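Q: could you look at this predicted model? Sequence included:
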Amino acid sequence: MNFLAHFYLSDHHDQLLAGNFVADFVRGKKYRLYPETIGQGIIMHRKIDTFTDSHPLTRQSISRVRPRFGKLAGVVVDMFYDYLLASDWQNYHRQPLQQFADNTCQRLQQQARHFPEQAVYVLGHMQRYNWLANYARIEGIRASLNGISHRFLARTGANIELGSATDLLVAEEQAFRQEFSLFFEQIRAAAPSFTS
């Protein structure tokens, strides 16, 4: 799952939220360099990823994407799942999505002194371009996937048009939504154990 689902699962504590955000920028045991609860948030993020990547329902979603996107199928499904959460947000959270997005970015900004430079840069873009709320729209997911494609091209030289994955999402949304709904119910129940 991508940013929105991680934030949803760690919404109850500012430093866990910060750790869930910064985790992709922290390698190995470097989480120990952070305040304890941010470190717990980094570990929580990793446990969320492990639970997600090994879950049969997620693997089922990935299997439909893999023929077109190979090793990047998991990245695509992460974005699909954030879309499915965002587009049905009112059934998961009492706060409107835009309000949640604004509050989350403000809470992360308050913790930004702990973040590496790249994470601060990403947070600025997340806030400026309203990523979290835009995940509720197919066009927003397409734009995010295209952004990932550009970064992947710059890093590897491989030109993979991930934005076109939204055609598959539209064509098979009901199947993806059913898988996500069942999966998310299970990860919500498991999430409290990820901080122990």
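A: That came in fine, so what should we check first?
Q: Met44 and Phe21 touch, don't they?
A: No - with contact defined as CB atoms under 8 Å, Met44 does not count as touching Phe21 (11.1 Å). In short, each C-beta sits where N, CA and C put it, glycine included.
Q: contacts only, for Gly140.
A: Gly140 makes contact with Tyr83, Trp131, Ala133, Asn134, according to CB atoms under 8 Å, 6 or more residues apart in numbering.
Q: got the buried residues for the helix or strand bottoming out on mean pLDDT in the chain?
A: Lowest by mean pLDDT, DSSP states H and E among the helices and strands of the chain is helix 138-156, with a mean of 89. Going by neighbour count (16 or more other CB atoms under 10 Å), the buried part of helix 138-156 is Gly140, Ile141, Arg142, Ala143, Ser144, Leu145, Ile148, Ser149, Phe152.
Q: again, but for stretch 15-32
A: 15-26, 31.
Q: Leu168 and Ser196, how far apart?
A: Distance, Leu168 to Ser196, by CB to CB, to the nearest Å: 37 Å.
Q: no no, Leu72
A: Taking CB to CB, one finds Leu72 at 32 Å from Ser196.
Q: so which residues of this structure form helices?
A: 3-9, 14-22, 36-54, 56-69, 73-86, 97-111, 117-128, 131-134, 138-156, 165-171, 173-190 (DSSP state H).
Q: where among those is average confidence lowest?
A: Ranked by mean pLDDT, the helices of the chain bottom out at helix 138-156, which scores a mean of 89.
Q: output that one as CSV, nothing but the C-alphas.
A: The C-alpha trace of helix 138-156 is given here as CSV (Å, rounded to 0.1, in the frame of the first residue of the first chain):
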residue,chain,number,x,y,z
ILE,A,138,-8.4,7.9,-11.5
GLU,A,139,-6.6,11.0,-13.0
GLY,A,140,-4.8,11.5,-9.7
ILE,A,141,-3.6,7.8,-9.6
ARG,A,142,-2.6,8.1,-13.3
ALA,A,143,-0.5,11.2,-12.5
SER,A,144,1.1,9.5,-9.5
LEU,A,145,2.0,6.4,-11.6
ASN,A,146,3.4,8.6,-14.3
GLY,A,147,5.6,10.4,-11.7
ILE,A,148,6.9,7.0,-10.5
SER,A,149,7.6,6.1,-14.2
HIS,A,150,9.7,9.3,-14.6
ARG,A,151,11.7,8.6,-11.4
PHE,A,152,12.2,5.0,-12.5
LEU,A,153,13.4,6.2,-15.9
ALA,A,154,15.8,8.6,-14.4
ARG,A,155,17.2,6.0,-12.0
THR,A,156,17.4,3.0,-14.4
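Q: report the angle between that helix and helix 173-190.
A: 80 degrees (axes from the mean of the first three to the mean of the last three CA atoms, to 10 degrees).
Q: enumerate the positions of stretch 124-139 that are buried.
A: For stretch 124-139, by 16+ other CB under 10 Å, it's Met126, Gln127, Trp131, Leu132, Ala133, Asn134, Tyr135, Ala136.
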